[in-house]
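Participant: Give me coordinates for this.
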Amino acid sequence: MSEDPAVGLDLPRCALATLPTPLVRADGLERALGAGPIWVKRDDLTGFGVAGNKARALEFLLGEATAVGADVLVAAGSPSSNFCAAAAMAASRAGLECHLLFPGPAPVERSVNVELAGAAGARLFFDVVATREQLDPVVLAHADLLAAQGRRPYAVPRGGATAVGAVGYAHAARELAAQCDEAGFLPRVVVVATGSGATQAGLVSGQVGHGLAWRVVGASVSRPAAEAGEQVLRLARECSTRLGLPPPGVGDVDVREARGPGFGIASEQDRTSAQLALRHAGLLLDPYYGAKAMTLLRHLLAEDGSTPIVFWHTGGVSAALAAVTRTTPSRGAPA
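Facilitator: Coordinates of the predicted model:
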């Protein structure tokens, strides 16, 4: 591992997360799956609201926003987006206004994340486009409109998927390496959910740039794996440039298909994955990211027993709780 602790430390940062997050052995899950060692990186425990992994990205996004003198953060996502709620809370923490753009009309029943964003003070704009895939250009257009009004906007694409947003996970790769050294093992594979791509991109940038001898495998949850791989590679290279690290090559990016029936729609295997994680490891996995990444981990274990293996738990606690309450049958009042 590279021993230069100063890499990237000159980038502006807004402290949000409680770090390092725990790295824990999932021995109950090992017994249930008949494989091991399995470790879990608990980025659901970053300690900033229910932001999960988004706290790491937002530390650097808000750091840059405040450094350039922004007064309003413009972001977007689906009504279920964990990033939108986290962005609203982070903007409030940094003293910025927050505008959040959503596709489609305002839902009759708002998700927990939309309610959190509103409670944190964000202005919510619904029906700006038809689908979440169309949001990024509208974010830029909204920022341009604010700038024309004399505001100083900082625009963030869906999921915080920029080189700056990936920096937090380049640092996280070193964090994991130090914890593995302390625990006395070297992982073969790190499994992570991949949506907008910044989380896996940062991990790849850090893994390659610091010469870490493990492979990052992404579970593509919202777009074709090949398309997601291109996004991850682009962001990873841009992140490495920002940090002055050697850039990754095409062969350093491994993204697998994990969408199943569609984004946020759990397959039967995904439901089994979430149930296994809850019952045997006490982990809450949402149907958008976590459950699909756990399904990929199960497939990798079945294929070649790639252990020791690390499951990077990115969060999504509010969506996981919503999924549990939708699927758990009512048991009535106790007698």
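
Participant: Mind pulling the model confidence for the most centrally placed residue in the chain?
Facilitator: Residue closest to the mean C-alpha point of the chain, counted by CA atoms, centre = their mean, is Asn53 at 4.6 Å. Note for Asn53: predicted pLDDT of 96.

Participant: these two touch, right, it and Ala293?
Facilitator: No. In this structure Asn53 lies outside contact range of Ala293 using CB atoms under 8 Å: 11.3 Å. C-beta coordinates here come from the backbone N, C-alpha and C atoms, glycine included.

Participant: residues bridging contact with these two, i.e. touching both?
Facilitator: Overlap between the neighbourhoods of Asn53 and Ala293 consists of 312, 314, taking contacts as CB atoms under 8 Å, 6 or more residues apart in numbering.

Participant: mind listing the helices for the stretch 51-200 of the chain?
Facilitator: Under the criterion DSSP state H, counting those that start in this stretch, the stretch 51-200 of the chain contains helices at 54-67, 82-94, 112-119, 135-148, 163-183, 198-209.

Participant: Please state the offset of the fifth one from the chain centre?
Facilitator: Read it as helix 163-183. Put simply, helix 163-183 sits 14 Å off its chain's centre (CA atoms, centre = their mean, to the nearest Å).

Participant: The third one now?
Facilitator: On the basis of CA atoms, centre = their mean, helix 112-119 is displaced by 18 Å from the centre of the chain it belongs to.

Participant: give me phi/psi at the closest residue to Val317 other than its chain neighbours?
Facilitator: In space, and not counting its chain neighbours, Val317 is closest to Val50: 5.0 Å by CB to CB, 6 or more residues apart in numbering. Val50 adopts backbone torsions of phi -120, psi 40, taken as degrees, to the nearest 10.

Participant: Let the chain start at 770 from now.
Facilitator: Noted, 770 is the first residue going forward, which turns the last one into Val819.

Participant: show me what contacts the closest residue in space to Ala834 that isn't next to it in sequence?
Facilitator: With sequence-adjacent residues excluded and distances taken as CB to CB, 6+ apart, Ala834 is closest to Tyr923, at 3.8 Å. Neighbouring residues of Tyr923 by CB under 8 Å, 6+ apart: 830, 833-834, 837, 839, 841-843, 865, 912.

Participant: Could I get the buried residue list for stretch 1074-1082?
Facilitator: Within stretch 1074-1082, the residues scored as buried using 16 or more other CB atoms under 10 Å are 1075-1082.

Participant: which phi and psi does Arg879 have?
Facilitator: Per degrees, to the nearest 10, the backbone of Arg879 is at phi -70, psi 140.

Participant: residue ranges with poor pLDDT in the stretch 820-969 of the chain?
Facilitator: Counting by pLDDT under 70, the stretch 820-969 of the chain shows no low-confidence range.

Participant: can you give me the strands for this structure?
Facilitator: 792-794, 807-811, 841-845, 866-870, 892-894, 922-924, 958-963, 984-989, 1023-1026, 1078-1082 (DSSP state E).

Participant: of these, which approaches Leu904 most closely?
Facilitator: Within the strands of the chain, the stretch nearest Leu904 is strand 841-845; the backing value is 4.1 Å (CB to CB).

Participant: Who are the packing partners of the closest one?
Facilitator: Helices and strands touching strand 841-845, by 3 or more CB pairs under 8 Å, 6 or more residues apart in numbering; DSSP states H and E, are helix 851-863, strand 866-870, helix 904-917, strand 922-924.

Participant: strands paired with that strand, and their directions?
Facilitator: strand 866-870 (parallel), strand 922-924 (parallel) (DSSP bridges).

Participant: re earlier: mind putting the strands of the chain into JSON lines with distance to Pro1017?
Facilitator: Shown next, in JSON lines, are those (distance: least, CB to CB, whole Å):
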{"stretch": "strand 792-794", "distance to Pro1017": "23"}
{"stretch": "strand 807-811", "distance to Pro1017": "20"}
{"stretch": "strand 841-845", "distance to Pro1017": "27"}
{"stretch": "strand 866-870", "distance to Pro1017": "31"}
{"stretch": "strand 892-894", "distance to Pro1017": "36"}
{"stretch": "strand 922-924", "distance to Pro1017": "26"}
{"stretch": "strand 958-963", "distance to Pro1017": "14"}
{"stretch": "strand 984-989", "distance to Pro1017": "10"}
{"stretch": "strand 1023-1026", "distance to Pro1017": "11"}
{"stretch": "strand 1078-1082", "distance to Pro1017": "17"}
